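[1] sequence first, then the predicted structure:
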Amino acid sequence: MLRHLRVTNFAILSDVSIELVEGMNVLTGETGAGKSLIVEAVNLLRGGRASADIPRAGAKEAMVEAIFEIPDDLEARVDAALDQAGLPAGDSEVLVRRVIQRGGRSRTYINGALTTAKVLAQVGGWLVDLSGQHQHQGLVDAARHREILDVFADHGGLLGTMHAAWARLSALERERDALGGDERARAERMDYLGFQLEEIDGAQLSAGEDDELAAERSRLEAVDRLEGGARTAEELCYGGDDSAVDRIAAALRALDRLDEIDAGLAEPVRHLEEARVLVDEAAGTLRHYADGLEGDPGRLAAVEDRLDLIGRLCRKHGGSVADVLARAEELRAELGGLERRDERLVELERELAAALGEARKAAKALTEARRRAGRQLCKAAGARLAELGMASAELSVAIEPRDLGADGGDRVELMLCANRGEEAKPLARIASGGELSRIMLALKLVLRSADQVATYVFDEVDTGVGGQTADAVGRQIRQLAGARQVLCVTHLPQIAAFADGHYHVAKFEQDGRTETSVRRLTDAERRDETARMLGGTLTPRAKAHAAELLKSARA
């Protein structure tokens, strides 16, 4: 949920902080006080576009900051989105900050890390769902209706099958198209592949050869130093005067038979005898090593030539010998495919027919499932619409065939018959703002078990409703708040009465500047604000009416 929001130098909001509660939060106040500015600030936190005139007059930049607490059932998804974007996780919290400069440029931070508005839009989709008077695009856009229906019916498994079938079909079509080029292009490609393969195969590379040759070159280049060091070490160990072997022998003579007097000397004597043997063996090995060393300029030149050849091939085909060998296999496979083009085309036609059959089968299963889900969605949404005073309205789902694609072969569109006996028409053509608001609420309630978002924001979606319908809208929003946090801007007391947290937005002048304040109302203040919303005048009768409305909502 959106736990803390702070907005600074944002139009008439010089410095506003709000601590929101779980459940249903409402913002009320006079028109123009700044309620919709707060919603606009929240929209920026979900990746919305920053306007050039946002910063307050006299300020270089505006800033919006928020702390989101992530519900347990969304934590894994949010963490995955953060990880995919290369951003740090926040231990069940996400900290978002937008800094908007005059002119419209902005900086975006998530959990302290600098990122882009595009990434914020991806992560913010899990944090906030915003609906307003002019933000029903997701509902009226027919391109999204199929997605709404699939989410409602949990068609993930069927869609996965369809995606896999379509991917297989598309891959085969691409291969067929690649093989279907003109003969001249095919011949040129085969010549090119053959040349590349001949170059690699002619080198007769073996895995790890470059490392072995590099080590051999190092030995050949240092043969004189290696021989000199070995002979010097052998001389110090055995061959020279006062060698290590001579000194160990002298030490043993000094201790001769003394260990018979004191057993404590037995272990040092044994160690010295072992050391004499080891030094003697080391000296022999060093002598043999030095005798076997011999400079070989010819071999060194051959090794360097071979390494030069390997280096050229690696630069051309890959970073290592293993990469070059892998590239050779790719070239060989492509060349083989071109050489047996006609045979492969016949095979492809069979495979394409089978893949097309699987894709059509998956699409048919999706179509049938969508038709069943459409009836269920309309029935469930219809019940909600009746509660919202639209009992005569009928929502339907039109499913028409379209070209087969990754999501099946259906074009899905939500239709509305506003009054019985009329023809059902697309939502964008028939529904008024108030109708859209109620349809949206009905759909969100129906879809809430599948809707993956932490906080719903409603900006005056009560437009065009009143009386009992307003009460019904308030009840619907309150039900939605039972599963997710809701922030609602409203002018209707029937809706505000259902809130868990009621915040009043007020505009005032201070030192010649317009300011806005936001504060949470006490119970008494809430009664007075509800009375003001009911009639404007705080009469005893209006206060009593407000108190009764609040009591009824709590009940």
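    Ah, there it is. Worth saying up front: this structure is predicted, and the values here are computed from it rather than measured. Numbering: from 1, shown residues only.
[2] all helices of the stretch 301-450 of the chain, in order?
    For the stretch 301-450 of the chain, the helices defined by DSSP state H, counting those that start in this stretch cover 321-339, 341-387, 427-430, 433-447.
[3] what's the offset of the longest one from the middle of its chain?
    Spelled out, that is helix 341-387. 27 Å (C-alpha atoms, centre = their mean, to the nearest Å).
[4] could you check how far Ser206 is from Leu213?
    10 Å (C-beta to C-beta, to the nearest Å). C-betas here are computed from N, CA, C, even on glycine.
[5] which residue packs closest to Ala542, ignoring adjacent ones?
    Once flanking residues are discounted, Ala542 sits nearest to Ala531: 4.0 Å by C-beta to C-beta, 6 or more residues apart in numbering.
[6] over to Arg341?
    With sequence-adjacent residues excluded and distances taken as C-beta to C-beta, 6+ apart, Arg341 is closest to Leu179, at 5.3 Å.
[7] ok, the one you found - how many residues close by?
    Applying other C-beta atoms under 10 Å, we find 16 residues neighbouring Leu179.
[8] and the host helix or strand of Glu199, what other elements does it pack with?
    Assigned by DSSP states H and E, Glu199 belongs to helix 183-203. In terms of contacts (3 or more C-beta pairs under 8 Å, 6 or more residues apart in numbering; DSSP states H and E), helix 183-203 is packed against helix 297-317, helix 321-339.
[9] apply 6 Å and report the result again.
    Contacts defined by 3 or more C-beta pairs under 6 Å, 6 or more residues apart in numbering; DSSP states H and E place helix 183-203 against helix 321-339.
[10] buried residues in the helix it packs on?
    For helix 321-339, the neighbour count (16 or more other C-beta atoms under 10 Å) marks Val321, Val324, Leu325, Arg327, Ala328, Leu331, Leu335, Leu338 as buried.
[11] swap in stretch 536-550?
    By 16+ other C-beta under 10 Å, the buried positions in stretch 536-550 come out as Ala542, Lys543, His545, Ala546, Ala547, Leu549, Leu550.
[12] how about stretch 405-422?
    Applying a neighbour-count criterion of 16+ other C-beta under 10 Å, one finds Asp407, Gly408, Gly409, Asp410, Val412, Glu413, Leu414, Met415, Leu416, Cys417 buried in stretch 405-422.
[13] for the second one, what are its contacts?
    Listed by C-beta atoms under 6 Å, 6 or more residues apart in numbering, the contact partners of Gly408 are Met162, Ala363, Leu366.
[14] give the next helix or strand downstream of the helix holding Glu199.
    Using DSSP H and E, the first helix or strand after helix 183-203 is helix 209-221.
[15] got a list of contacts for the helix or strand following that next one?
    Sequence-wise, the next helix or strand downstream of helix 209-221 (DSSP H and E) is helix 223-234. Residues from elsewhere that reach helix 223-234 (C-beta under 6 Å, 6+ apart): Ala283, Leu286, Arg287, Tyr289, Ala290, Leu293, Gly295.
[16] any chance of JSON lines for the residues you listed, columns secondary structure?
    What follows is the contacts of helix 223-234, written out as JSON lines (DSSP: H, G, I helix; E, B strand; the rest coil):
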{"residue": "Ala283", "secondary structure": "helix"}
{"residue": "Leu286", "secondary structure": "helix"}
{"residue": "Arg287", "secondary structure": "helix"}
{"residue": "Tyr289", "secondary structure": "helix"}
{"residue": "Ala290", "secondary structure": "helix"}
{"residue": "Leu293", "secondary structure": "coil"}
{"residue": "Gly295", "secondary structure": "coil"}
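[17] could you check how far the residue nearest to Arg341 is from Glu351?
    As judged by C-beta to C-beta, Leu179 and Glu351 stand 12 Å apart.
[18] ok, Ile110 next?
    Remark: distance between Ile110 and Glu351 (C-beta to C-beta) = 45 Å.
[19] which of the two has more neighbours?
    For Ile110 and Glu351, the more surrounded residue by other C-beta under 10 Å is Ile110, and the numbers stand at 22 against 17.
[20] pretty sure the more buried one contacts Leu87?
    Yes. Assessed by C-beta atoms under 6 Å, Ile110 is found in contact with Leu87 at 5.1 Å.
[21] could you point out the helix or strand that follows the helix or strand bottoming out on mean pLDDT in the chain?
    One helix or strand of the chain scores below all others by mean pLDDT, DSSP states H and E: helix 137-140, with a mean of 58. Where DSSP H and E defines the elements, the next helix or strand beyond helix 137-140 is helix 145-153.
[22] and that next one, average pLDDT?
    Across helix 145-153, the average pLDDT comes to 87.
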